[in-house]
Structures are given as structure tokens and as C-alpha cells.
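Novice: Need a 3D model of the following:
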Amino acid sequence: MKIVTIVGARPQFIKAAPVSKAIRKTGHHEILVHTGQHYDYGMSKVFFEQLSISEPDVNLGVGSGAHGWQTGQMLIRIEKVLLAEKPDWVLVYGDTNSTLAGALAAVKLQIPLAHVEAGLRSFNREMPEEHNRVLTDHCSDILFCPTETAVNNLENEGFSNIINNGKLIEEMFFENELSALPAPWNPKAIPLGSFQLSPLVINVGDTMYDAVLQFSQIAQRRSTILEDLVIKPKEYLLATVHRPYNTDVPDNLRNILAAFFEIGELIIFPIHPRTRQRIVEFGLGDPQSEIQNLKFIDPVGYLDMLVLEQNARLILTDSGGMQKEAYFFGIPCVTLRPETEWIETVEAGWNVVVGSDNSVIVKKALNMQPPQAEGGIFGDGHAGERILGLLADAMP
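Specialist: Numbers count the residues shown, from 1 in each chain. Predicted structure coming up:
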């Protein structure tokens, strides 16, 4: 089986790592295509090194640009790769422009498409990521959902061929036997029986949870980030801000930084290149130096970030992935957005959504207490293996 995997941004490198590991371990052929959406060492190459992912077979080198230009360039270049490789599957992740470009290239060439992390919805139509998610889901032949909520979102949009019912695959079929499904299990076909397999929606769990389980202990052994920054566990907060909703609106970015200062505790802030640029442009400070309690640092690799997350007292972020990782580690999270795709973390009490209101940010950061621990929402750490098995079983 030949699979073309398309990635382009650091969260996708993390999501793809467990699946890539399973693909290569079992002898299937993966062609890893990096669009170049994130391209410098701190945002790209270091993740391949630390996650033990093979270097990309193809690097399209698209780089930054306006949404239309960037997506168009990716589409043109991905199409050339797919025409040359003729894969059995195209595999895309998440909700970036790389995701949408890969999905469009595959569906136009009638190559089976699978979407990992399908079914997420913020219900905020101003987010480019929301359009990328919806369009990719409606192009896909198999939609690999990370949670029951994601499956329910797709059901509400009219998808009917669903394997979920709050359960993972092993619970649906005795002894992990997929033979209970009608043969041949081909997402392009509509076989007789109780399943119509075009497209298939299935809850496999979250590959980011797989990655955290696989790499968090390695991170504790290898990372020296706490020593390098001269900080101790639970004596700092961790912050990231990168979404245009915050970085491109001066009042929002100003309010967030003001809240960080007012909190008063030490805040470690790995600063995204765009955020650094906007802080300077808007005259909001000097991200080259520490300002009161705010310690700006360059973006860090995956292992260092896991250690920073695991040892923080609290996380402040507009990142979807960090909301989940905070939940995985049992760290309270304040989400600097007006909504979240990961409502499970809010319902469990580990996450609170505050937007960019500085007074609310300060209040929640100072008073939020962790609830009783609970688990199981994001699967059991074997999503990558399930995804590979399902792709193989879905071959014509």
C-alpha cells in the first residue's frame, strides 16, 4: 500500500508521527510531502528530528503568503506529486492550508482521501481553519475523528455512515476483527448490507494523545529547558499566542499582553515569529528582552514544549493542540479565543474560554483550580495503529 502523507505546519508533524511510525513499521510505503508552510528550523526541522520522523521525501518549499496564493501554490505542486506517485491513499491532517490543498488535489484526481482529526468545529466562520476543516471533511472518503463530539458534528452535517456510539473500533467488533464489515470494504463502493461506505466516519481516538504518550517520558530524560531557563516546576505559567484573531488585531494583542503583566507571575512565552513582528509593529514592547514578569523565548522543539507544559502551573494559549496537551497532562488551561473546537476539555473543567478580555484572563488565571482527573475522551493512545489498519482494510 502506498500512502502520500501531506503536512506543512508543526501541529501536523506531531499528529502525523504516530501514523507514520505505524506505516513504516509494517512495511507499507509512505511518501511524506512537506508543503513548507512552516519552514525555519524552530518551526519545522527540529520536529522531524525529535519525533523520529524521516526527512520529507518531497519538500515543496511554498513558504508564507496570502491564503489564496499559498493554497494555490500548494495545490499545483501537490498535484504534480500525486500524478507522479499514483498513491492508494492521500492522508491529510488538521485544518491548515496544507490540509485543504492536499484534499483538493486528491479529490480532483479521484485518489482516495483520508482526513485525520476530522469533524472539529469552532462554528466561527471568520476562522480560515474552519473553512479548511469543513471543505476537507466533505472531500474525504474516510473521516478519522478524534472524539465522539467530532463524530456528532459530522452527523449533524448529514454524514450517515458512522461507526461511533461512544466506542472505539475494538469495542465495536469482537477481537478487533474488521471482518464484521461487508467485503470488499472499499470507501468508493456501496456494498450490500447495513453499511454504506462512502464516506465512512469513524472514531479512532486522537493521534496527538498517541504522541504525548510516546514522547513525554523521552522529553523528561532529554530536555534541559527548565535548567536552561532557570525555572522550577509549578512556579511559572506558559503562554503561546499565534492566531490572527489575536496577533493581527492591535486591541486584542494589547489586552492579552496587559493581562499577562497584571497576572504578576512569571510567564514563559515562546513567541511565534508573526506575534513577535506584530508586537513591534503595534509598539507594544520589546520581545527581544524580558518585560517585568514576561519572559520571551524563541519557539522551542516538541520535547522542550512537552516539558514546559507538563511542569507549568497553568497554560494560556490560543493553540488548539496545547489545549489538548494541557488536558493530557492535567494542567489547567485558559484559552485566549472566543470559542474552541475542543469543548470536551471545557466540559471536563480543565479549560476555560475567555477571548481577549484582559480582566477575564487575569481573573481565570489567578483563580482557576484543577478539577478531579478523568480520561478516555481522546482514546487510549493507539489511534495511529487503528488508522493504518483501517486504510489497509479499506483497500479495494
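
Novice: all strands for this protein, in order.
Specialist: Using DSSP state E, the strands found in the chain span residues 2-7, 29-34, 58-59, 89-93, 113-116, 142-145, 162-163, 200-203, 237-240, 267-270, 294-297, 314-317, 333-335, 351-353.

Novice: Domain parsing of the protein, as residue ranges.
Specialist: 2-206+379-393, 218-367 (automatic domain parsing).

Novice: Looking at the ones you listed, which is nearest to Val212?
Specialist: domain 218-367 (4.9 Å; CB to CB). Quick note: C-beta positions are derived from backbone N, CA and C, even for glycine.

Novice: For the residue nearest to Gly349 when sequence neighbours are not counted, which residues are in contact?
Specialist: Nearest non-adjacent residue to Gly349, counting by CB to CB, 6 or more residues apart in numbering: Pro371, 3.5 Å away. For Pro371, the contacting residues are Ala348, Gly349, Trp350, by CB atoms under 8 Å, 6 or more residues apart in numbering.

Novice: Same check on Glu157?
Specialist: Counting by CB under 8 Å, 6+ apart, Glu157 has contacts Val134, Asp137, His138.

Novice: Now for the chain, the helix or strand with the poorest mean pLDDT.
Specialist: Lowest by mean pLDDT, DSSP states H and E among the helices and strands of the chain is helix 169-172, with a mean of 46.

Novice: which helices and strands does the longest helix anywhere in the chain pack with?
Specialist: In the chain, with assignment by DSSP state H, the single longest helix is helix 67-85. Packed against helix 67-85 by the contact rule (3 or more CB pairs under 8 Å, 6 or more residues apart in numbering; DSSP states H and E) you find strand 2-7, strand 29-34, helix 97-108.

Novice: If we use 6 Å, what do you get?
Specialist: Judged by 3 or more CB pairs under 6 Å, 6 or more residues apart in numbering; DSSP states H and E, helix 67-85 is in contact with helix 97-108.

Novice: Name the residues of the helix it packs on that are buried.
Specialist: Asn97, Ser98, Thr99, Leu100, Ala101, Gly102, Ala103, Leu104, Ala105, Ala106, Val107 (16 or more other CB atoms under 10 Å).

Novice: excluding its backbone neighbours, what's nearest the fourth one?
Specialist: Using CB to CB, 6+ apart and skipping the chain neighbours, the partner closest in space to Leu100 is Asn132 (4.4 Å).

Novice: so what's the one you found up against?
Specialist: With contacts defined as CB atoms under 6 Å, 6 or more residues apart in numbering, Asn132 is in contact with Asp95, Thr99, Leu100.

Novice: so what's it scoring on pLDDT?
Specialist: According to the prediction, Asn132 has pLDDT 97.

Novice: What of Ala394?
Specialist: 82.

Novice: count of residues packed around it?
Specialist: 24 (other CB atoms under 10 Å).

Novice: Now do Thr149 against Asp298, distance only.
Specialist: Distance of Thr149 to Asp298, given as CB to CB, to the nearest Å: 35 Å.

Novice: now Gln310
Specialist: 20 Å.

Novice: same check, this time on Gly8
Specialist: For Gly8 relative to Asp298 (CB to CB), the value is 21 Å.

Novice: do Ile6 as well
Specialist: Ile6 is 27 Å from Asp298, where distance means CB to CB.

Novice: For the stretch 101-250 of the chain, give me the ranges with low pLDDT.
Specialist: Counting by pLDDT under 70, the stretch 101-250 of the chain contains low-confidence residues at 164-198.

Novice: Recalculate using a threshold of 90.
Specialist: For the stretch 101-250 of the chain, the stretches flagged by pLDDT under 90 are 126-127, 160-198, 244-245.

Novice: ok so, going back, switch the contacts of Asn132 over to a markdown table; also include distance to Gly376.
Specialist: Shown next, in a markdown table, are the contacts of Asn132 (distance: CB to CB, whole Å):
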| residue | distance to Gly376 |
| --- | --- |
| Asp95 | 24 |
| Thr99 | 27 |
| Leu100 | 31 |
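
Novice: Can you tell me which of these is nearest Thr275?
Specialist: The nearest member of the contacts of Asn132 to Thr275, counting by CB to CB, is Asp95 at 19.4 Å.

Novice: what does stretch 203-216 contact?
Specialist: Residues outside stretch 203-216 that contact it (CB under 6 Å, 6+ apart): 14-15, 17-18, 144-146, 151, 164, 306, 324, 328, 378-379, 381, 383-384, 386-387.

Novice: Give the ChimeraX command for selecting the buried subset of the residues you listed.
Specialist: Only the buried entries of these go into this ChimeraX selection, using 16+ other CB under 10 Å:
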select :14,15,17,18,144,145,146,151,164,306,324,328,378,379,381,383,384,386,387
